[in-house]
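[1] Sequence and predicted structure are below.
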Number of protein chains: 2
Amino acid sequence: MAVRKGSTLVLETTPRVISYGAVGSKKESEGPLAAGFDQLFPDSTLGEETWEKAECRLQKEAIRIAMEKGKVEPEQLHCLFAGDLLNQCTSSIYGLREVGAPFVGLYGACSTMAESLVMASLFLEGGFGEKAAAITSSHFCSAERQFRFPLEYGGQRTPTSQWTVTGSGAVILGKEIRGVKVCGVTIGRIRDMGVTDANNMGAAMAPAAADTLERFFGDTGRKPAEFDLIATGDLGKVGSDLLLEVLEKDGWSLSGRHNDCGLMIYDRERQQVEAGGSGCGCSASVLCAHILPALERGELKNVLFVATGALMSTTVVQQGESIPGIAHLVWLAADPA
Amino acid sequence: MAVRKGSTLVLETTPRVISYGAVGSKKESEGPLAAGFDQLFPDSTLGEETWEKAECRLQKEAIRIAMEKGKVEPEQLHCLFAGDLLNQCTSSIYGLREVGAPFVGLYGACSTMAESLVMASLFLEGGFGEKAAAITSSHFCSAERQFRFPLEYGGQRTPTSQWTVTGSGAVILGKEIRGVKVCGVTIGRIRDMGVTDANNMGAAMAPAAADTLERFFGDTGRKPAEFDLIATGDLGKVGSDLLLEVLEKDGWSLSGRHNDCGLMIYDRERQQVEAGGSGCGCSASVLCAHILPALERGELKNVLFVATGALMSTTVVQQGESIPGIAHLVWLAADPA
């Protein structure tokens, strides 16, 4: 049984990570985490006819790799939890329809990797199945087309803008005895501080990340110093600075423990990504290409993975609405911790 | 602990329905279920400036009513499970942001009422919280604008088309001793039979409904005749006929037990809705305005609620893709059954 502490659930069955897959494209292959990816496509079309079909392919490959590595058959997957940035979660639905497993579609914008891991963990902890998967993706070109400008327009990017990762991550969890453990989860709340700039997602998401982290620390009595890494994703430079400032003001120092998936995946100086990486695929691929491998090797022992989402609708933002944010937290530990 | 039978979860803690709210607009007020609604707005703007803001308002009112009826405070809601048809689940995010509770965004198209009930039920069954809510909505005008044509275009409707319900339903579940019980759930699988007609959603969803119902009957050994009502939502006339045909061929007869939320909410002859009602708000408001009240009054004893979703992306359908469907099942029983 999980133990509820405030709004954090401490898991006792502790679902374990069986396997995972990280898929990226050219820009990710040029970044500092390239070596950790399972598959890197040399161009972002992935040989498909459209950007949307290319993004579907990213998820298809990520789950295929995770299933192969974990020797998991489709019928063993008792539930898939997945979603993405595209309208109607296109990449998840078309990318995963051939798996044939029970499917729960999620929408959490860039928080989806944590949201899906939270739900898959609770599904196992509740005794509802033996294995479950959490999957998400993003694609620079499909995201630009949908949320901002057609690529052909060649618009200039503002310094606060972030570069959507072309990538996917898939994690299969199970009730195994060994493996990286999911020790707890904190479900995010919708936070809205009135940001209306569609090119400054970091600022829209930072208050949500602060809210979730403060609830987690308050609920569990844990201190930031107990964690090797507190990885937000994807606040980028602007959002990360804001997060640290907000937390500092509330008396929490992440002193040397914090990093952001949007700052880890690219070399900002060299790769011209402005404030950093973003997209569901950002935290998903950093988790699967870097954090989980480091936990497996014991280089990291105790990690908070806090994926953040800007819940932006272009339609209502054009109608003058602000951009709410959300952040879900997953507490991961190496085995043995 | 839930008991897993095949891919159906039979719930032993049996989460109970504490309260619910059904909200609609003018067309719903002219339909046969009008008397069961808690609130019916005389025009579909709800006094808001845009269709999207009107739809947000529907969810805001539905959860407010459910909370008032159940005397539930925001801090007692340990999780909200919600989603809707609008891109980025706008109505849920903007409609529910003021509630302030932990939020899990879902995307299941018109299956969302069942998807959110499944997740809220499992959340309680797993011991993760005391109370949880399931909410969704749809709006004829925001859906037409997003998925088909601007209303101003005045396009003719095909006979297979369905009329998106302007409505919302919110259900609060808890671990109470009394109340309508959630006895089991079957999570849907993505089914795709190659339908490409965006004006024939019923046909896209019928195979998914058949798949979920056949799994439920196979898993539990229950017979259709044991249920007073097997309510699919929202297959409409075309999809309902297809469902019965598919099931008949596979040896299952729903003989007099089946009805469809899309056929229940409007008078098809009188209200010019072609093949019937549709939208997340269709099954949600039929559940909250008709099915749950009838279960509470004991007029219905044992019900299968099977909301169906056409997981249609206008972008990839324009790229030649077919429309996958999904159907989630919730087994509800009166107390005492």
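    It's in. Quick caveat, the model's predicted, so the values are computed rather than measured.
[2] right, and residue A:20 touches residue A:292 too?
    Yes. Counting by C-beta atoms under 8 Å, residue A:292 is a contact partner of residue A:20 at 5.4 Å. (Each C-beta comes from the backbone N, C-alpha and C, glycine too.)
[3] out of the two, which sits in the busier spot?
    residue A:20 (29 against 24; other C-beta atoms under 10 Å in any protein chain shown).
[4] From the contact counts, what lies against the helix or strand hosting the more buried one?
    Under the criterion of DSSP states H and E, residue A:20 resides in strand A:16-24. Helices and strands touching strand A:16-24, by 3 or more C-beta pairs under 8 Å, 6 or more residues apart in numbering or on different chains; DSSP states H and E, are strand A:39-40, helix A:51-70, strand A:167-174, strand A:181-186, helix A:280-286, helix A:292-296.
[5] Could you look up the next helix or strand downstream of the longest one?
    In other words, helix A:51-70. Counting by DSSP H and E, what follows helix A:51-70 is strand A:79-84.
[6] any idea how far chain B is from residue A:74?
    From residue A:74 over to chain B the distance is 10 Å, taken as C-beta to the nearest C-beta, to the nearest Å.
[7] burial count for that residue?
    12.
[8] Without its sequence neighbours, what residue ends up closest to the residue in the stretch 101-250 of chain A that chain B sits nearest to?
    Among the residues of the stretch 101-250 of chain A, residue A:126 lies closest to chain B, at 2.7 Å counting by C-beta to the nearest C-beta. Closest residue to residue A:126 apart from its sequence neighbours, by C-beta to C-beta, 6 or more residues apart in numbering or on different chains: residue B:126 at 2.7 Å.
[9] Same check on residue A:284?
    residue A:169 (3.0 Å).
[10] ok, the one you found touching residue A:21?
    Yes. Taking C-beta under 8 Å as the definition, residue A:169 is a contact partner of residue A:21 at 7.1 Å.
[11] Where does the prediction get shaky in chain A?
    A:337 (pLDDT under 70).
[12] Just confirm yes or no for stretch A:183-192 near chain B.
    Yes. Applying C-beta under 8 Å from any C-beta of the partner chain, one finds stretch A:183-192 touching chain B at A:187, A:188, A:189, A:190, A:192.
[13] Number of residues surrounding the second one?
    A count of nearby residues for residue A:188, using other C-beta under 10 Å, gives 29.
[14] Report the contact partners of it.
    Neighbouring residues of residue A:188 by C-beta atoms under 8 Å, 6 or more residues apart in numbering or on different chains: A:108, A:111, A:114-115, A:208, A:211-212, A:309, A:326-329, B:102-103.
[15] try 10 Å
    A:7, A:108, A:111, A:114-115, A:118, A:208-209, A:211-212, A:215, A:306-309, A:325-329, B:102-105 (C-beta atoms under 10 Å, 6 or more residues apart in numbering or on different chains).
[16] try the third one
    If you count contacts by C-beta under 10 Å, 6+ apart, residue A:189 has them with A:7, A:208, A:211-212, A:215, A:324-328, B:80, B:97, B:99-103.
[17] Swap in 8 Å and give it another go.
    By C-beta under 8 Å, 6+ apart, the contact list for residue A:189 reads A:208, A:211, A:212, A:326, B:100, B:101, B:102, B:103.
[18] near chain B, which residues of the stretch 201-337 of chain A show up?
    Residues of the stretch 201-337 of chain A lying near chain B (C-beta under 8 Å from any C-beta): A:311, A:312, A:313, A:314, A:315, A:316, A:319, A:321, A:324, A:326.
[19] Looking at those residues, which two lie furthest apart in space?
    A:319 and A:326 (20.4 Å; C-beta to C-beta).
[20] about what we covered before: what number of residues are in the vicinity of the residue nearest to residue A:284?
    Residue A:169: 37 neighbours (other C-beta under 10 Å).
[21] Could you do residue A:57 as well?
    Neighbour tally, residue A:57, other C-beta under 10 Å: 22.
[22] and the nearest residue to it once chain neighbours are set aside, how far is that from chain B?
    Excluding its sequence neighbours, the residue lying closest to residue A:57 (C-beta to C-beta, 6+ apart) is residue A:46, at 4.7 Å. Distance of residue A:46 to chain B, computed by C-beta to the nearest C-beta: 15 Å.
[23] Against residue B:85, how distant is residue A:46?
    Residue A:46 is 29 Å from residue B:85, where distance means C-beta to C-beta, to the nearest Å.
[24] ok, those two, which is more surrounded?
    residue B:85 (30 against 21).
[25] Is the more buried one in contact with residue B:143, as I believe?
    Yes. With contact defined as C-beta under 8 Å, residue B:85 reaches residue B:143; the gap is 5.6 Å.
[26] Check the offset of stretch A:57-69 from the chain's centre.
    16 Å (C-alpha atoms, centre = their mean, to the nearest Å).
[27] Extract the C-alpha trace of it and format it as CSV.
    As requested, the backbone C-alpha atoms of stretch A:57-69 are provided in CSV (Å, rounded to 0.1, in the frame of the first residue of the first chain):
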residue,chain,number,x,y,z
ARG,A,57,7.7,7.0,-35.6
LEU,A,58,9.8,8.3,-32.7
GLN,A,59,7.4,6.8,-30.2
LYS,A,60,7.0,3.6,-32.2
GLU,A,61,10.8,3.1,-32.1
ALA,A,62,11.1,4.1,-28.4
ILE,A,63,8.6,1.5,-27.2
ARG,A,64,10.0,-1.1,-29.6
ILE,A,65,13.5,-0.6,-28.1
ALA,A,66,12.2,-0.6,-24.5
MET,A,67,10.3,-3.9,-25.2
GLU,A,68,13.2,-5.5,-26.9
LYS,A,69,15.7,-4.5,-24.1
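[28] For residue B:85 and residue B:143, list the residues in contact with both.
    Residues touching both residue B:85 and residue B:143 (C-beta under 8 Å, 6+ apart): B:164, B:279.
[29] which residues does the residue nearest to residue A:57 contact?
    Taking C-beta under 8 Å, 6+ apart as the test, what residue A:46 contacts is A:25, A:54, A:57, A:58.
[30] so the nearest residue to the last one once chain neighbours are set aside bridges to which residues?
    What it means is residue A:58. Nearest residue to residue A:58, sequence neighbours excluded (C-beta to C-beta, 6+ apart): residue A:168, at 3.8 Å. Beta bridges link residue A:168 to residue A:23, residue A:137, judged by DSSP bridges.
[31] three-state assignment of residue A:232?
    strand (DSSP: H, G, I helix; E, B strand; the rest coil).
[32] how about the helices in chain A?
    Secondary structure of chain A (DSSP state H): helices located at A:26-29, A:51-70, A:90-96, A:112-125, A:140-147, A:201-220, A:236-249, A:261-264, A:268-271, A:280-286, A:292-296, A:314-318.
[33] Just name the most buried of the ones you listed.
    helix A:280-286 (a mean of 37; mean count of other C-beta atoms under 10 Å in any protein chain shown).
[34] who touches that one?
    So helix A:280-286 is contacted by A:22-24, A:28, A:33, A:37, A:58, A:62, A:83-85, A:109-114, A:135-139, A:164-170, A:231, A:233-234, A:261-262, A:264-265, A:305, A:307-308 (C-beta under 8 Å, 6+ apart).
[35] Now do the same contact list for residue A:227.
    A:257, A:302, A:303, A:304.
[36] make that residue A:130, sorry
    A:76, A:78, A:124, A:174, A:175.
[37] Against residue A:135, how distant is the closest residue to residue A:300 other than its chain neighbours?
    In space, and not counting its chain neighbours, residue A:300 is closest to residue A:294: 4.3 Å by C-beta to C-beta, 6+ apart. Per C-beta to C-beta, residue A:294 is found 21 Å from residue A:135.
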